[in-house]
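**Q** Below are the sequence and a predicted model; questions follow.
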Amino acid sequence: MFPPREIELKLDVPVHNLPRLTDSSLLKGASKSAAKSVNLVSVYFDTNKLQLRQKGLSLRVRRIGRHHVQTIKQENGNAALFARGEWEHDVPAKRPDLNAARDTALAPLLNKKLCRALKPVFETHVRRKVFQIRSGQSEIELSIDNGKVEAGRKSSQLCEVELELKQGQVADLFKVAKMLAHEVPVQLAVKSKADRGYALLTAEKAAPVKAMPVAFAPESDVQCAFQIIARACFHHLVANQSLMLGGDAEALHQMRVALRRLRAAISLFSDMLTDPQTEALKSEFKWITDELGPAREFEILLKHVARPVADSERDGRGTALASRELRRKLEDALARARTAVESLRFRDLALDTAAWIETGDWMRNPDDAAGMLRRRPFEAVAAEQLRRQWKKILKRGKHLDRLDPQHRHKLRIRAKKLRYAAEFFAPAFPRKRAIRRRKDFVASLEQLQDALGELNDIAVNEKLLEQLGDGEDAGTKRHGGRIRKAFVGRLSGREEARIAPVLKEAERAYAAFAKAKPFWV
């Protein structure tokens with residue numbers, strides 16, 4: 001039996017934008033469910049070892065007026081960003097009623113030891129306003145929660161919007177979210193209140209989120225597999241947004257990785273994704289990738305090339321001028337990236353991508369071939385794709401030493417795509433021998449990708465250095481000659497000297513990769 005599902009979108013909103021939110025045309029046209037706001041106090045329970053958290057479960061008892069509601073939620077991770085298992089029961093007091101949990105996802109954990117160990121671990125205190133919205137034939141409940149999360153003496157602010165589909169079509173949920181995003185700078189959120197509470201409880205510092213493994217049944221069809229893969233990539237992108245806006249360079253890098261993975265997934269499933277909506281989104285993915293790219297490129301040049309050379313320089317006048325110019329260009333590139341991610345265009349892109357994954361036109365593509373592919377068992381399709389990408393790399397890498405930088409870059413992209421495919425498609429090959437071979441295969445592929453990536457960094461660095469020496473802005477006009485003579489020339493020479501040894505390393509990596517056994521046969 002499938003669990004009851006909560007279909008909900010969460011949006012983070014800055015507290016100072018709450019007046020704009022409540023004055024928005026969307027809420028002015030909605031009916032407020034109660035004359036006054038309601039205060040909600042929710043107590044979350046777990047053991048000292050956080051056994052529920054480890055199983056992706058949360059258990060809370062919420063006081064609403066004079067009665068209490070127990071809620072158990074099953075966090076489904078990347079597999080279902082906007083739909084979670086949820087079980088609610090009225091309970092007589094503020095303690096959990098575990099008899100009411102017998103038919104929930106918590107049931108397998110319910111033994112005497114765990115029941116005795118359950119205790120309050122953190123609380124949320126929020127003031128909630130609820131609005132009922134109709135969109136088409138759908139009924140949507142919009143809640144504004146403003147308050148805090150408390151774990152002992154620690155607390156953190158909480159301000160979010162929840163859009164829950166009570167009845168109707170999921171597409172309408174995204175439609176309402178997009179209308180709201182056009183009036184208020186809200187961000188699509190992937191953290192639940194439970195996530196925030198546990199982070200506070202464990203003193204977990206906010207850190208960039210890396211790509212997580214995907215999981216689906218080996219017998220899944222192609223459509224199901226693609227949705228799970230795309231959700232994982234999308235989660236990876238959105239989960240790093242707040243940190244990136246706060247200036248975290250690694251979070252920006254992880255957003256770029258997420259975009260590359262999502263674009264690779266679309267390419268791997270391209271026979272099924274032939275509709276205009278997908279093409280429009282691909283164009284937007286390229287736009288945001290291009291906006292984030294320069295910041296990462298200047299960071300690599302400054303951190304891995306300019307600083308090591310600068311540290312070894314004794315006569316630092318020209319070095320300081322060039323380093324200062326590089327830092328300024330990096331700051332400009334970071335500002336450009338933040339402006340893009342804060343823009344309405346990116347907010348639209350995030351919501352459009354989420355809607356496309358869940359309810360996109362590609363799922364209703366009338367093309368017979370695409371429809372048949374969506375229903376095919378994924379294992380056969382995965383093996384075909386892996387074999388195809390593998391053969392292309394074997395063919396094009398044979399004469400790696402003869403390739404120019406542009407063709408080496410194309411080979412690197414193919415290697416990256418094959419690596420992502422090997423990671424995406426792993427659940428389709430669950431046998432022990434396949435798992436062992438895949439580990440060796442991916443390890444050899446990573447070495448090849450790293451060497452090709454370093455060659456690409458050298459080519460990009462040389463272009464950036466050329467721009468730095470030939471720049472037309474006031475700073476480089478004033479000190480252009482000094483920069484080129486004192487520093488840029490040495491940096492360029494250093495990069496040129498690296499090409500031969502890195503190319504040899506790439507050739508060795510290719511030879512090792514060519515010997516790796518495919519894991520899908």
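**A** That came through, no problem. The structure displayed is predicted, hence computed values, not measured ones.

**Q** Please verify my assumption that residue 326 contacts residue 302.
**A** Yes - using C-beta atoms under 8 Å, residue 326 is in contact with residue 302, at 4.9 Å. For every residue, glycine as well, the C-beta is placed using N, CA and C.

**Q** Pick out whichever of these two has more residues nearby.
**A** Neighbours of residue 326 and residue 302, each counted by other C-beta atoms under 10 Å, are more numerous for residue 326; the result is 25 against 17.

**Q** How much space separates the more buried one from residue 332?
**A** Distance, residue 326 to residue 332, by C-beta to C-beta, to the nearest Å: 11 Å.

**Q** What is the host helix or strand of residue 297 packed up against?
**A** Assigned by DSSP states H and E, residue 297 belongs to helix 276-300. With contacts defined as 3 or more C-beta pairs under 8 Å, 6 or more residues apart in numbering; DSSP states H and E, helix 276-300 has these neighbours: helix 249-268, helix 317-342, helix 344-359, helix 432-470.

**Q** what's the next secondary structure element after the third one?
**A** Using DSSP H and E, the helix or strand that follows helix 344-359 towards the C-terminus is helix 368-375.

**Q** Which other helices and strands does that next one contact?
**A** Helix 368-375 packs on helix 222-239, going by 3+ C-beta pairs under 8 Å, 6+ apart.

**Q** list the buried ones in the helix or strand following the helix it packs on?
**A** On the C-terminal side of helix 222-239, the nearest following helix or strand under DSSP H and E is helix 241-245. For helix 241-245, the neighbour count (16 or more other C-beta atoms under 10 Å) marks 241-244 as buried.

**Q** cool, stretch 207-220 as well?
**A** 208-209, 211, 214, 216, 220.

**Q** Can I get the residues you listed in TSV including pLDDT and distance to residue 370?
**A** Output for these, formatted as TSV (pLDDT from 0 to 100; distance: C-beta to C-beta, whole Å):
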residue	pLDDT	distance to residue 370
208	96	36
209	94	32
211	93	27
214	91	22
216	88	20
220	92	17
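
**Q** List just the nearest of these to residue 106.
**A** Of all the buried residues of stretch 207-220, residue 216 has the smallest distance to residue 106: 23.7 Å, by C-beta to C-beta.

**Q** Quickly note the distance from that closest one to residue 223.
**A** Counting by C-beta to C-beta - residue 216 and residue 223 are separated by 11 Å.

**Q** Same check on residue 423?
**A** 19 Å.

**Q** what's the answer for residue 19, then?
**A** Taking C-beta to C-beta, one finds residue 19 at 43 Å from residue 223.

**Q** Those two - which one has more neighbours?
**A** Per other C-beta under 10 Å, whichever of residue 19 and residue 223 has more neighbours is residue 223, with 19 against 10.

**Q** got the contact list for the closest residue to the more buried one other than its chain neighbours?
**A** In space, and not counting its chain neighbours, residue 223 is closest to residue 374: 4.1 Å by C-beta to C-beta, 6 or more residues apart in numbering. Contacts for residue 374 (C-beta atoms under 8 Å, 6 or more residues apart in numbering) come out as 221-223, 272, 363, 365.

**Q** same check, this time on residue 370
**A** Residues in contact with residue 370 (C-beta under 8 Å, 6+ apart) are 271-274, 362.

**Q** so what are the domain limits for this protein?
**A** Listed by automatic domain parsing, the domain ranges of the chain are 5-205, 233-515.

**Q** Quick check: the spatially most central residue of the chain vs residue 169, distance?
**A** By C-alpha atoms, centre = their mean, the mean C-alpha position of the chain lies nearest to residue 236, the distance being 1.6 Å. Remark: distance between residue 236 and residue 169 (C-beta to C-beta) = 27 Å.

**Q** per-residue confidence for residue 27?
**A** Looking at residue 27, its pLDDT stands at 88.

**Q** Residue 162 should be in a strand, yeah?
**A** Yes - assessed with DSSP: H, G, I helix; E, B strand; the rest coil, residue 162 lies in a strand.

**Q** which residues touch residue 154?
**A** Contacts of residue 154 by C-beta under 8 Å, 6+ apart are 200-201, 203.

**Q** If any of those residues are buried, put those into a PyMOL selection.
**A** In PyMOL, this line selects whichever of the contacts of residue 154 come out buried by 16+ other C-beta under 10 Å:
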select buried, resi 200+201
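
**Q** Go through the contacts of residue 154 and say which is closest to residue 53.
**A** Looking across those and measuring by C-beta to C-beta, the closest to residue 53 is residue 201, at 9.1 Å.

**Q** quick one: that closest one from residue 151, how far?
**A** Per C-beta to C-beta, residue 201 is found 4 Å from residue 151.

**Q** what residues do those two have in common as contacts?
**A** 121-122.

**Q** Verify the contact between residue 281 and residue 355 for me.
**A** No - the criterion here is C-beta under 8 Å, and residue 281 misses it with residue 355 at 10.0 Å.

**Q** tell me the phi and psi of residue 247?
**A** phi 100, psi 10 (degrees, to the nearest 10).

**Q** if we can go back for a sec, out of the contacts of residue 374, who's the most crowded?
**A** Using other C-beta under 10 Å as the neighbour test, the contacts of residue 374 are led by residue 272, with 24 neighbours.

**Q** So that one, which state does it fall into?
**A** Criterion first, three-state DSSP; result for residue 272: coil.

**Q** roughly how far apart are it and residue 211?
**A** 22 Å.

**Q** Kindly report the same for residue 74.
**A** Taking C-beta to C-beta, one finds residue 74 at 22 Å from residue 211.

**Q** same deal with residue 358?
**A** Taking C-beta to C-beta, one finds residue 358 at 20 Å from residue 211.

**Q** so residue 62 sits in a strand?
**A** Yes - using three-state DSSP, the assignment for residue 62 is a strand.

**Q** ok now do the nearest residue to it once chain neighbours are set aside, which residues does it touch?
**A** Take residue 62 and drop its neighbours on the chain: the residue closest to it by C-beta to C-beta, 6+ apart is residue 42, 4.3 Å away. Shown in contact with residue 42 (C-beta under 8 Å, 6+ apart): 60-63, 123-124, 126, 193.

**Q** Restrict those to the buried ones and give me that as a ChimeraX selection.
**A** The ChimeraX selection below is limited to those of the contacts of residue 42 classed as buried (16+ other C-beta under 10 Å):
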select :60,61,62,123,124,126,193
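
**Q** In CSV, list the C-alpha atoms belonging to whichever strand in the chain runs longest.
**A** Longest strand in the chain, counting residues (DSSP state E): strand 119-135. The C-alpha coordinates for strand 119-135 follow below in CSV (Å, rounded to 0.1, in the frame of the first residue of the first chain):
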residue,chain,number,x,y,z
LYS,A,119,12.3,12.3,23.7
PRO,A,120,11.8,15.9,22.6
VAL,A,121,14.9,17.1,20.6
PHE,A,122,13.8,20.4,19.2
GLU,A,123,10.8,22.7,18.7
THR,A,124,9.5,25.1,16.2
HIS,A,125,7.4,28.2,17.2
VAL,A,126,5.7,29.9,14.3
ARG,A,127,2.9,32.3,13.6
ARG,A,128,1.0,31.1,10.6
LYS,A,129,-1.3,32.8,8.2
VAL,A,130,-3.2,30.5,5.9
PHE,A,131,-4.8,31.4,2.5
GLN,A,132,-6.9,29.3,0.2
ILE,A,133,-6.2,29.7,-3.4
ARG,A,134,-8.0,28.3,-6.5
SER,A,135,-6.1,27.8,-9.7
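
**Q** quick check, distance from it to the centre of its chain.
**A** 25 Å (C-alpha atoms, centre = their mean, to the nearest Å).
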